[in-house]
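Enquirer: Sequence and predicted model, in that order:
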Amino acid sequence: MKHYKIILLLCLGLLFQCKSTKSIGDSNYRQMDIYLCIGQSNMAGRAQIELQDLDTLKNVFLFTGNQEQPWEQAANPLNKYATIRKELRMQKLGPSYGFAKEMANFSSKNKIGLIVNAKGGTSIEEWKPGASLYNETIIQAKKALKYGILKGIIWHQGESNSSRYDSYMQKLIELIEALRTDLDAPDVPFVAGQLSIDKPQRINFNNMILDLPNHLKNTGVVTTENLSTIDETHFDSASQRILGKRYAMEMINLISKK
């Protein structure tokens, strides 16, 4: 009888463990609306994380890449689990925070899942399909997409390419098309952002990027007028929140058209 009780307890323990794993991997996170946030330092975030930015985002979860706990409630810095990032101490407030807040208000039915994978100082050439930054991002995204559907991609990059703006558009189009193909999301909305306007050499880049929707469907661009920076390149905290909301408004606009 004693042996039977031990076996019964072991079976119950295994059953409980299986149910717990399922609740974490399946019932809690299945059918998420997932957004991919990629680019260079402004997407990674260099603005100070202020008191108002220390909350965990309601109904928003951040992909950790950890098999045991793939998602956690989203809290800054949101680029902390990027597989390509620079040092953790450099990861601060980026636009994905304000973006996620707005998207959670827009889509209250499903949980919001964020994949944030950004690295400062990178050029679009380093993001070309087949390059390490691109490949790492695809790997992360495919892991995360086991738990939901890719609803959109936001991209902020260009500071490293502003002097070569005339060749940028074709490279961006190739990147978008590759992401859509490799992530099996042929029509997924893609939103890019202008650079800060502190330096005159970025004017041509900012004018060029506005033309993206004329080249590729289901794409949009957010502007950076009236935003300020901490160093003529990186947006400050208030501007990052505004920029994030602009990304969300444009994403909602594209999703509503589908």
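Expert: Alright, I've got the coordinates.
Enquirer: Now do the same for stretch 247-257: mean pLDDT, whole number.
Expert: Mean pLDDT, stretch 247-257: 96.
Enquirer: List the buried residues in that stretch.
Expert: 247, 248, 250, 251, 252, 254, 255 (16 or more other Cβ atoms under 10 Å). C-beta coordinates here come from the backbone N, C-alpha and C atoms, glycine included.
Enquirer: Quick one: low-confidence residue ranges for this structure.
Expert: Scanning the chain for pLDDT under 70 picks out 1-30, 108.
Enquirer: residue ranges for the helices of it, please.
Expert: Using DSSP state H, the helices of the chain run over residues 2-22, 41-44, 95-106, 132-144, 168-182, 203-209, 212-215, 237-257.
Enquirer: Please name every helix or strand in contact with the last one.
Expert: To tie it back to what came earlier, the one meant is helix 237-257. Helix 237-257 is packed against helix 95-106, strand 148-156, strand 190-193, strand 219-222, with contacts defined by 3 or more Cβ pairs under 8 Å, 6 or more residues apart in numbering; DSSP states H and E.
Enquirer: Run through the bridge partners of the residue most central in space within the chain.
Expert: The structure's the chain has its C-alpha centroid closest to residue 37; by Cα atoms, centre = their mean the separation is 1.9 Å. Applying DSSP bridges to residue 37 gives these bridge partners: residue 116, residue 154.
Enquirer: looking at it, it is touching residue 150, isn't it?
Expert: No: with contact defined as Cβ atoms under 8 Å, residue 37 and residue 150 do not form a contacting pair (11.9 Å).
Enquirer: ok so, going back, tell me the spacing between the residue nearest to the centre of the chain and residue 251.
Expert: With the distance defined as Cβ to Cβ, to the nearest Å, residue 37 ends up 11 Å from residue 251.
Enquirer: Give me the common contacts of these two.
Expert: Counting by Cβ atoms under 8 Å, 6 or more residues apart in numbering, the residues touching both residue 37 and residue 251 are 99, 154.
Enquirer: List of residues touching stretch 135-151?
Expert: 25, 29-36, 38, 63, 65, 70-71, 83-84, 107, 110-111, 113, 115, 117, 179, 182-183, 185, 188-189, 255.
Enquirer: May I have that stretch as CSV, with CA atoms only?
Expert: Taking Å, rounded to 0.1, in the frame of the first residue of the first chain, the C-alpha atoms of stretch 135-151 are listed here in CSV:
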residue,chain,number,x,y,z
ASN,A,135,19.6,36.1,-39.0
GLU,A,136,19.6,36.5,-35.2
THR,A,137,16.4,38.5,-35.5
ILE,A,138,14.7,35.9,-37.6
ILE,A,139,15.7,33.2,-35.1
GLN,A,140,14.2,35.2,-32.2
ALA,A,141,11.1,36.0,-34.1
LYS,A,142,10.3,32.5,-35.2
LYS,A,143,10.7,31.3,-31.6
ALA,A,144,8.3,34.0,-30.4
LEU,A,145,5.8,33.3,-33.2
LYS,A,146,5.0,29.9,-31.8
TYR,A,147,2.8,31.9,-29.3
GLY,A,148,0.9,34.2,-31.7
ILE,A,149,0.6,36.0,-34.9
LEU,A,150,3.0,38.7,-36.2
LYS,A,151,0.8,41.8,-36.5
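Enquirer: sorry, back to before: quick one: which of the helices and strands packed on helix 237-257 is nearest residue 213?
Expert: Of all these, it is strand 219-222 that lies closest to residue 213, at 5.1 Å by Cβ to Cβ.
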